[in-house]
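Engineer: Sequence first, then the predicted structure, then my questions.
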Amino acid sequence: MEGEHDATAGTIFEEDEIFDNGGDEEPHRPIISGEQLDIEAYAALYTGRTKITRLLFIASKCRVPSMELEALRMAYDEIKKGEDTQLFREVVATIDGRLGPNYGPDNAWADAVDRRAEFRKEKLENELNAYRTNLIKESIRMGYNDFGDFYYAHGLLGEAFKSYVRTRDYCTTSKHIVYMCLNAILVSIEMGQFPHVSSYVSKAEASQDSLDPVAVAKLRCAAGLAHLEGAKYKLAARKFLETGPEIGNNYTEVIAAQDIATYGGLCALASFDRAELKSKVIDNSNFRNFLELVPEMRELINDFYTSRYASCLEYLSNLKPNLLLDIHLNDHVETLYEQIRNKALIQYTLPFVSVDLNMMANAFKTSVTGLEKELEALITNNQIQVLHLDSCVFRSTYKFEYSKDDCYLYVSTGSYRFPQQNSLCSPCGSEEWHIPACLTDWQ
């Protein structure tokens, strides 16, 4: 071992510090319990429309009345700082008087905002028509940008997108192109139109000379979200891991730095092999800064890499309720968790010729019966596969032995018997069974 490392929070473990699979000799470390989400602290990470949509998403998914009302209260207050009267009316209808008279309809405010909007829209139209008459490209571009900002503020996202995209014909520099793309990306994310996000990320990246570090970081985050939405977890992980520290608090209208750690960490665990996890996550100094903002994610990645599967899975279990309240992760939590668990099972078996299912079940805090079903699915899908001469053996009530061409199931009764045919053990549909010679030496 290169040096001594204690198992304290924040430690990045070296390759040779892996604990024995299923062993009980690892030092005890407290597991952070899954506390109810602090909505106020969570909302403070964001600005603009995404802050409101995230609060409304939490209210719709949390199933805890007090939490739902707190999220609705904060959304109500945040909406009244803006100009989206349609969204305001929808939130009032959702609250339905449950927060008292102070959080009910405010027709005077809504009517005043709508009147100002009509006046503002008329002014923008007159200005844009004048710019068109004078054929001033930069002024026309700015006029369409102003219209995009106006529609976005009032919740007319489709119109906002059209206005931003129309500026492209009047862009005179590559910086203008990047600015247009970032606006189109912002609105596309709000609309859930992630194919548009990917398209405009590519357009912006074509203007490399005009991309400053903050713009690069924004584009990588946007690309990561698009890949995440498309369940392309490995591509999503790469984009989040490539995001530089310049992002800071510069993209809070879309994503927080904590999200980069969470999204990137989960996608990496679900899709990276062991070597990639080491080189691209654990040894990634930039990403380590993001992980410091989410200690639970840092710890579970360390636990996964060092084969502390019970601890890793416990962290995941504790984090799950809050992850399900994330507007971008909600649809992917179950799939990501399944892939992470499967990778843990596969990684557990890799170093061994034989595995005690009782010990393995204990390491994964599950029953032998449940573990057998999981392993059966992985073997059937060729995710656990033998590529060397010796067969891989699973020992418990059953002994599984399989190779590239054959698969056998033997009942372990103290004396050898002919195998029982099982759908798991006949991947090639063979009806012929025989006991391999190696079995005579198998005690």
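Structural biologist: The structure has been received and is ready for your questions.

Engineer: pLDDT weak spots in the protein?
Structural biologist: Low-confidence segments of the chain (pLDDT under 70): 1-35, 352-353, 385-443.

Engineer: mind listing the strands for it?
Structural biologist: Counting by DSSP state E, the chain has these strands, from start to end: 354-356, 392-395, 398-402, 407-411.

Engineer: can you pull the contacts of the most centrally placed residue in the chain?
Structural biologist: With distances taken as CA atoms, centre = their mean, the residue of the chain nearest its centroid is residue 263 (3.4 Å). Taking CB atoms under 8 Å, 6 or more residues apart in numbering, we find residue 263 in contact with 224-225, 228, 236, 240, 328-329. Placement of C-beta: from N, CA and C, glycine included.

Engineer: Just send these back as JSON lines, with neighbour count and distance to residue 192 too.
Structural biologist: Formatted as JSON lines, the contacts of residue 263 follow (neighbours: other CB atoms under 10 Å; distance: CB to CB, whole Å):
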{"residue": "224", "neighbour count": "28", "distance to residue 192": "16"}
{"residue": "225", "neighbour count": "24", "distance to residue 192": "10"}
{"residue": "228", "neighbour count": "25", "distance to residue 192": "12"}
{"residue": "236", "neighbour count": "26", "distance to residue 192": "16"}
{"residue": "240", "neighbour count": "28", "distance to residue 192": "19"}
{"residue": "328", "neighbour count": "20", "distance to residue 192": "10"}
{"residue": "329", "neighbour count": "18", "distance to residue 192": "14"}
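
Engineer: What is the nearest of the residues you listed to residue 80?
Structural biologist: residue 328 (25.8 Å; CB to CB).

Engineer: follow-up on the earlier one: report the separation between the residue nearest to the centre of the chain and residue 335.
Structural biologist: According to CB to CB, to the nearest Å, residue 263 and residue 335 sit 14 Å apart.

Engineer: what's the answer for residue 360, then?
Structural biologist: 23 Å.

Engineer: Same drill for these two, tell me which one is more crowded.
Structural biologist: Between residue 360 and residue 335, counting by other CB atoms under 10 Å, residue 360 is the more crowded of the two (23 against 12).

Engineer: Could you double-check that that one lies in contact with residue 348?
Structural biologist: Yes: counting by CB atoms under 8 Å, residue 348 is a contact partner of residue 360 at 6.4 Å.

Engineer: Nearest residue to residue 224 in space, please, no chain neighbours.
Structural biologist: residue 239 (3.6 Å; CB to CB, 6 or more residues apart in numbering).

Engineer: Surely that neighbour and residue 220 touch.
Structural biologist: Yes: with contact defined as CB under 8 Å, residue 239 reaches residue 220; the gap is 4.8 Å.

Engineer: Same drill for these two, tell me which one is more crowded.
Structural biologist: Between residue 239 and residue 220, counted using other CB under 10 Å, the more crowded position is residue 239 (24 against 21).

Engineer: What separation do you get for the more buried one and residue 338?
Structural biologist: 22 Å.

Engineer: and the end-to-end length of stretch 223-238?
Structural biologist: 10 Å (CA to CA, to the nearest Å).

Engineer: mind listing the helices for the stretch 251-400 of the chain?
Structural biologist: 257-271, 274-276, 285-291, 295-305, 309-323, 333-349, 357-363, 368-380 (DSSP state H, counting those that start in this stretch).

Engineer: okay, those helices, which one's buried deepest?
Structural biologist: helix 257-271 (a mean of 25; mean count of other CB atoms under 10 Å).

Engineer: Now do that one against helix 309-323, angle only.
Structural biologist: Relative orientation of helix 257-271 versus helix 309-323 (axes from the mean of the first three to the mean of the last three CA atoms, to 10 degrees): 130 degrees.

Engineer: so residue 54 sits right up against residue 44, yeah?
Structural biologist: No: with contact taken as CB under 8 Å, residue 54 and residue 44 are classed as non-touching, separated by 11.3 Å.

Engineer: Compare neighbour counts for these two and give me the winner.
Structural biologist: A count of neighbours by other CB under 10 Å puts residue 54 above the other of residue 54 and residue 44, at 22 against 13.

Engineer: Contact partners for that one?
Structural biologist: 42-43, 46, 326-327.

Engineer: Give me the distance between it and residue 305.
Structural biologist: Taken as CB to CB, the span from residue 54 to residue 305 is 31 Å.
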